[in-house]
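**Q** Make a model of this:
(one chain, ligands or ions: 2)
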Amino acid sequence: MVKEDEATKTVGMDQRKKINCCCLTSNITRIDDDEKELHVDIHRGLFASNNEKSTAIINTTSTTNNLNLNTNWYDQLLSNVRWHRVKYKSSRFQKDCTTPCYTAFYGGRTEYAPYIPIPQWFQPLIDEVNSHLGDHVQFNAFLLRLYFDGNDEIAWHTDGRTFLGEKPTIASLSLGCKATFEMRRMTNVWPCVNGSNNISSNDSTTNSKRAATSTGVDTTTPIQSFTLQDGDLLVMRGNTQKHWHHRVPKEKGRGVRLNINFRYVLPGQDAERGQMTYYKYMVFGDVPIDQEPPSWTYDTIVSKKGGMMNFVQKGISAMVPRESSSNCRPRKEKNPTIMIAIPSRSLLL
Ligand SMILES: O=C(O)CCC(=O)C(=O)O
Ligand SMILES: [Fe+2]
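**A** Ligands and ions are numbered 1, 2, ... in the order given. This is a model prediction of the structure:
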């Protein structure tokens, strides 16, 4: 495994370079490895809440636009997004599956119901990311993830899909607690399982064991491991999705983390292949086309889990994990006098 702290080595796969970002407020860790087809940038702390951006306006050299990075997007998302768990019957494995993190989705193509338009409050974040990365990307589909605690995860997968184009640029913003983001090289990003190579059911949300027991992993290339901190914008470019899987594993002690995946869905009929299946496995699960899955606000999720904790540990005042963890920053509580308890899942087992 190649780790973050070896970032300055330039031998073999370890081609990580630290460069200054055009906005001058964040560094970029850049990997451009043509041989292994790994093309990744991490704009460090671009949207971090503790950035000293008091003037709020940062001139970029890549565009003539100004960026306003002053919004606390972590708070915005936790206040405004309704989250659901993606549930579906896997035709491949003949069993019920649930995505092991919370999901929300905005935008994409209107004909793929349930279509949830991009909310007004969210648009400035899109504008900032588009503006920061330059005119070549104009994202139009947004996959949001809430990893409530260290038991939530996304298993190995590629984001490559026909409807995202040949060489999709995927930007991925991390907010809240830091997490490990791993990438492994594949000889086949859609590996066979039990002799089947049905790419339609190969998605990120089924269990990670499947990928591990299937073929397709390039075992000669070390796994690349990145620590993504609050405000980091990771960008995967070029042919990366054709050759690499990525995942966010479970991590003991991790508190609340948000991720926003910015994608560009192609227009036109040619780009329709796989889109229905994608929505089933990655976005809404098995809900009928005219319905949305049951969803909850973050506060409801917290209060439900708090209720369970109170039941298990009667009389004990438990702290919200993200407030007690050093790599997390707490959301401004609307009512700071109310203590909310969240269960550690291990306590409930
Ligand atoms: O949470 C992350 O950093 C990655 C999420 C992801 O890969 C996905 O939603 O496709
Ligand atoms: Fe992904």
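
**Q** for Tyr279, helix, strand, or coil?
**A** helix (DSSP: H, G, I helix; E, B strand; the rest coil).

**Q** Give me the nearest residue to it, chain neighbours excluded.
**A** In this structure, Tyr279 finds its nearest non-sequential neighbour in Tyr112, 5.4 Å apart by Cβ to Cβ, 6 or more residues apart in numbering. Where C-beta positions appear, they are placed from N, C-alpha and C, glycine not excepted.

**Q** Isn't the one you found up against Gln275?
**A** Yes: Tyr112 lies in contact with Gln275 (Cβ atoms under 8 Å); the separation is 6.0 Å.

**Q** What are the structural domain limits within this protein?
**A** 4-296, 297-348 (automatic domain parsing).

**Q** sec struct for the residue in the chain that ligand 1 sits nearest to, please.
**A** Residue nearest to ligand 1 within the chain (Cβ to the nearest ligand atom): Asn259, separated by 3.2 Å. Secondary structure, three-state DSSP: Asn259 is strand.

**Q** How much space separates it from Ser172?
**A** 6 Å (Cβ to Cβ, to the nearest Å).

**Q** swap in Thr98?
**A** With Cβ to Cβ as the criterion, Thr98 and Ser172 are 22 Å apart.

**Q** what sits up against stretch 105-124?
**A** Identification of contacts with stretch 105-124 by Cβ atoms under 8 Å, 6 or more residues apart in numbering yields 68, 71, 76, 80, 104, 126, 140-144, 265, 267, 275-276, 279, 283-284, 287, 289-292.

**Q** give me that answer again for 6 Å
**A** Stretch 105-124 is contacted from outside by 80, 140-143, 265, 275, 279, 283, 289, 292, using Cβ atoms under 6 Å, 6 or more residues apart in numbering.

**Q** Single out whichever of those has the smallest pLDDT.
**A** On pLDDT alone, Ile289 ranks lowest of the contacts of stretch 105-124, at 71.

**Q** Next up, phi/psi of it, please.
**A** phi -60, psi -30 (degrees, to the nearest 10).

**Q** Pull out the buried positions in stretch 27-36.
**A** By 16 or more other Cβ atoms under 10 Å, the buried positions in stretch 27-36 come out as 28-31, 33, 36.
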